[in-house]
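Chemist: sequence and computational prediction follow.
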Amino acid sequence: MIAPVESSTNKVNAEAGHEYEVFLSFRGPDSLEEFTDNLYHRLKDAGVQTFRDDEELRVGEEIGPELMRAIKQSKISIPLFSKGYASSKWCLKEVAEMVKHKDETKHMILPIFLDVTPDEVQHQTGSYAEAFAQHEENYDFETVQVWRDALQKVVKLKGLELKKEANGKHGEFIKKVLARVLISLRNAYLDVNDILVGINHHVEAIKTTLLEVNETGVQIVGIWGMGGIGKTTLAKVVFNQLLDQFESSCFLNDIRETSSQHKGLEYLQSKLVADILNSERKDFANTDEGTKQLKYRLRHKKAIILLDEVDRVDQLKALAGDLAWFGPGSRIIITTREKNVLDLFQVSDIYELTLLSADQAFELFCKHAFIKGLPTLDFIDLSWDIVSTTGRLPLALEVIGASLSTSSGRKEIWQGTLKQLKKKPHMKVRDTLKISYDGLDHEQREIFLDIACFFIGTDARVVKPMWDDCDFFPEVGIEILLLKSLIRITDDSKLWMHDQLRDLGREIVERENYKEPWLRCRLWHSEVAMRALERHPREGMTKVEAISLEGYQFRSEDHCIEDDRFLHLTNLRILQLEKASLCGNFELLLPDLQWLSNSNPTPPTNLDLKSLIVLDLSRSMVARKLKVLDLTGCLQLRKTPDFSASPALERLILRSCHNLVSIDPSIEKLSALVSLDIRNCTSLKNLPQLGSMEALTELLVDGTSIRELPVLRDTDKLENLETLSANNCKLLAQIPDSLKCLKKLKLLSLDNCQSLGAVPDFIGQLTSLVELSLSGTQIRRLPDSIGNLTLLTVPKIDHSHMTCLPSTLATLENLQVLNASGCVDLEGDIPINIGSKSSMRILQLADTKVSSLPTSISCLRQLEILDLGGCQRLQALPNLPSSLISLRLGGELIHIFPNLEHLINLKELIFSGCRQLVEVPMGIRNLSKLEKLELSNTGITTLPGALPHLRELRIQKCLKLKCLPRLPSSLYELEISFCSSLARLPNLSNLNNLSLLRVYNSCKITEIPGLQGLTSLKRLDTSLCPITHLDGLERLDFLRSLHIQLSQMEKLPNPSKLWRLFQMNASYHRKLGPRPVA
């Protein structure tokens, strides 16, 4: 409960740039005019500059424009909703302007409900229904729809209701309204850069998914990402947009730096208390005293708190150690580079901020580099080149763009900057990124520098053994680098690092000695490395640990490097030779060499390999400690060598050796081998005996010509195998019985084994199996024993010949994904575990003969994706669970559709081929999270409005569609094709985020209203439509692709005015004149 605020003791001055602080919107003739008058005077007495039209308007001016100007120059708008409010067109115009202003700026709206309820206003019932019926007779559909949408948006904001808040007592209610106004004015907005690109989607995702402001519990969210990616900016924008819904607020900036100072945490604690209580800050003796104050003094305050740049758990424990410290409904936003901090603090909602797209990066750079935000023609290519050096990192784009803004006409300065950026990052960007590097231990720094200089794009599993032998502890180190967003590991296990971080790492190495590179520990640039080998005073080379000659242009293909060049490289552990040969006697040289990669046809034979961990002979012709052997793509390899001399081998990679026909039997003696990868060895028809390889956990034989999987003997020890993948083995016809001894097998993948027709009953004995993939096979049924696989989460049987599913599937409590799409013969019941322990998340039954779903499907509380597209026998659908995120329906016989109102988490909704669907199902207006709506081959005639977060709308072959409502400004993609009854489009000028517009083969559409307002449009296609002109096309600065084939345009647009346009397709029509020359 907010305590009453006495007007005489609270003075709030208007903020600079705002002529008024409050704008009152009301209908004068209503019976509650006395309330309005009292509220106005209480606000004025409290020092709040308040506008109302019956006092502030100057004589002789039109009311409309003056009111609009007053709204824009006010900080808070207060619509006073009464029974007659909606009957006034001016009131509705004011509300629409408030909403528009809020979407564009930091404007706040505080809705007040007098003698009406929020439901009456939102759903336009009672007197509001009568008012809108009258408006629809006097105004066009689009105008009325804008008013309807505005009311719905305003009601969703947290307002005050006379009946509930003060039991109808005006005096008490006015005190509460005044308190809310003063609190809102006191809460300070955070300063945010005016130039923002690509942030809206992130803001909405956090607001709608992670910060459900209507919940009464305290909620915390972490925003995680690398330095300079825009975490603080994103958090500030979210903070500002939610600020007016909280009683108090606090922003603690750069906690990492502040807490490192003397009594830094105590200062942060005292500031948090002072800001939330709106009192003077008092120093705390220690953090224990601060914790006590936080614990007992803030629990009645609903606050929004931003904790910026956190890097240690103790900081969070001191500032937000227990959510019970804060009042109900409070929200805490944390930004950090350290994901492990969020994990250790048990933050469940973590939002990872990703990089900008290439187009967004270019736009952000241009807005900082050019006064008008657009480059001139002679700077376009140069701008793209500079953007490419930044790795799409917002900080780099802003800093470099701003530094060049004063030199926009001097090309030589830009070219010099580009040359410099190709060698090292900008100083300010480097300092920001280096904060994360400085927080690493010695071993983690060594791994980071190795990756930056040599191993981007390398399989992490291949390089780990070398780091392990160096005592760099790679399991821990790589995890730390991942949590700090310094590296990533791709889906195929490759190491990836942002370009700016790569350049930072390389500059750190360069700083070891700028003038004499041979005194550095790593020589990654091939020309620098070769120059050092040929010209340096060789005695100083003892510091060099790693050399790469990859990419060096030798004068001849058989270039040889003599042994004396390596005489003093006693600490060399990494040598990447590529095509070079080593000549001479290396028997006593390179004693610590751990990594050797060489694709020369004749690799060195007399190297001392006693320390070698990884020998990479990828694409070449062809060591007791050797652990990794990579022969990927050795096209001339027909038979592997004898492996007897490499007993420590742990990973053998023979991938894509297309001419390999035989693997030496000695492979069975590799008792330490963990992974055998022979994928895409297309000539390999037989596997050797593998039974003695007791350490083997991964066997990958995809795309080979084998006819059977390994047949195990009774004495075999292949008991640790966890992964067996034989996808695309088209000759594989059966699964041998001997595989039943693989008790630890977790993944069995046999996708597209087109000769495989049955699954043996013993499959139920593989009790560790988690994933079974049989897509694209000839299998018609699964054995009942599959019900014994209690750990099974994913059985994939899509596009197989399956006719029915075993009832025992319903007993699998861990089943998360059931994919049977494309099983055109599948019919009968769908066995689903409906119990409280059901884990089902994804159910895909598209293009099957399924005719019904059990009504109990609504009990699947974790189901997120349901795909029933192309189910031609499906006639009706039961109620669906509210957990659904994606729903796809398709079938000509479906005539009973579920009510969508309770699907509050739905983000994607697709109706395809539902010819009996004549209107979108009830409740779609309530799907506040819906981002994608697709309607294809349906019988709908119109669409509902009010889908505020819709990003994609696709309407295809809806032949009865006659009109569209005003579309939401959140749209990014809009497609309308083959809609022969649709005669006109709504005005699209509000779609300033739209990137793609496709209006195709819709024979009645003759124009695109509001085209000039599509300022973000990149692709436009109006082919096969009778459109005669595209007014405003030349204003679309970001347009890159234009298709107007077989149009009826009288003349083609001049592409020279569309400077970003790189693709234009326009076929001639008799109305077209000559094509303009660019």
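Modeler: Arrived safely, thanks for sending. Residues are numbered from 1 along each chain as shown.

Chemist: what kind of secondary structure is the spatially closest residue to L877 that is not a sequence neighbour in?
Modeler: Ranked by CB to CB, 6 or more residues apart in numbering and with sequence neighbours excluded, the top spatial neighbour of L877 is P898, at 4.9 Å. (C-beta placed from N, C-alpha, C; glycine too.) Assigned with DSSP: H, G, I helix; E, B strand; the rest coil, P898 falls in the coil class.

Chemist: shouldn't P898 be in contact with I924?
Modeler: No: the pair formed by P898 and I924 falls short of the contact definition of CB atoms under 8 Å, at 11.3 Å.

Chemist: what does the residue nearest to L877 show for phi and psi?
Modeler: Dihedral pair for P898: phi -70, psi 160, per degrees, to the nearest 10.

Chemist: right, and T855 touches L880 too?
Modeler: No: with the criterion set as CB under 8 Å, T855 and L880 do not qualify as a contacting pair; they are 10.4 Å apart.

Chemist: between the two, who's got more neighbours?
Modeler: Set side by side, T855 and L880 give different neighbour counts by other CB atoms under 10 Å, the larger being at L880 (20 against 11).

Chemist: so which residue is dead centre in the chain?
Modeler: Ranked by distance to the mean C-alpha position of the chain (CA atoms, centre = their mean), the top residue is T354 at 6.0 Å.

Chemist: distance of the residue nearest to that residue when sequence neighbours are not counted from E21?
Modeler: With CB to CB, 6+ apart as the measure, G225 is the residue that lies nearest to T354, at 7.5 Å, once sequence neighbours are left out. The gap separating G225 from E21 is 36 Å, by CB to CB, to the nearest Å.

Chemist: state the pLDDT value of E527.
Modeler: According to the model's per-residue confidence, E527 sits at a pLDDT of 89.

Chemist: same question for the one 10 residues further on.
Modeler: Note for P537: predicted pLDDT of 56.

Chemist: next one: K164
Modeler: According to the predicted model, the pLDDT of K164 comes to 83.

Chemist: and for D431?
Modeler: So D431 comes in at 87 (pLDDT).

Chemist: phi and psi next, for it.
Modeler: Here D431 shows phi and psi, under degrees, to the nearest 10, equal to phi -60, psi -40.

Chemist: tell me which helix or strand of the protein sits lowest on mean pLDDT?
Modeler: Confidence across the helices and strands of the chain bottoms out at helix 53-56, with a mean of 51, counting by mean pLDDT, DSSP states H and E.

Chemist: flag every buried residue along the next helix or strand after it.
Modeler: Proceeding N to C from helix 53-56, the next assigned helix or strand is helix 63-72, under DSSP states H and E. Residues of helix 63-72 classed as buried by neighbour count (16 or more other CB atoms under 10 Å): 67-68, 70-72.

Chemist: which secondary structure elements does helix 63-72 sit against?
Modeler: Contacts defined by 3 or more CB pairs under 8 Å, 6 or more residues apart in numbering; DSSP states H and E place helix 63-72 against helix 53-56, helix 89-104.

Chemist: repeat that with 7 Å
Modeler: Applying 3 or more CB pairs under 7 Å, 6 or more residues apart in numbering; DSSP states H and E, one finds that helix 63-72 contacts helix 89-104.

Chemist: show residues contacting the helix it packs on.
Modeler: Contacts of helix 89-104 with the rest of the structure, by CB atoms under 7 Å, 6 or more residues apart in numbering, involve 25, 27, 63-64, 67-68, 71-72, 77, 79, 85-86, 107, 109, 146-147, 150-151, 153-154, 969.

Chemist: which among these count as buried?
Modeler: Neighbour counting with 16+ other CB under 10 Å marks 25, 27, 67-68, 71-72, 77, 79, 85-86, 107, 109, 146-147, 150-151, 153-154, 969 as buried within the contacts of helix 89-104.

Chemist: in strands only, show me these.
Modeler: Among the buried ones among the contacts of helix 89-104, the subset assigned to strands under DSSP state E consists of 25, 77, 79, 109.
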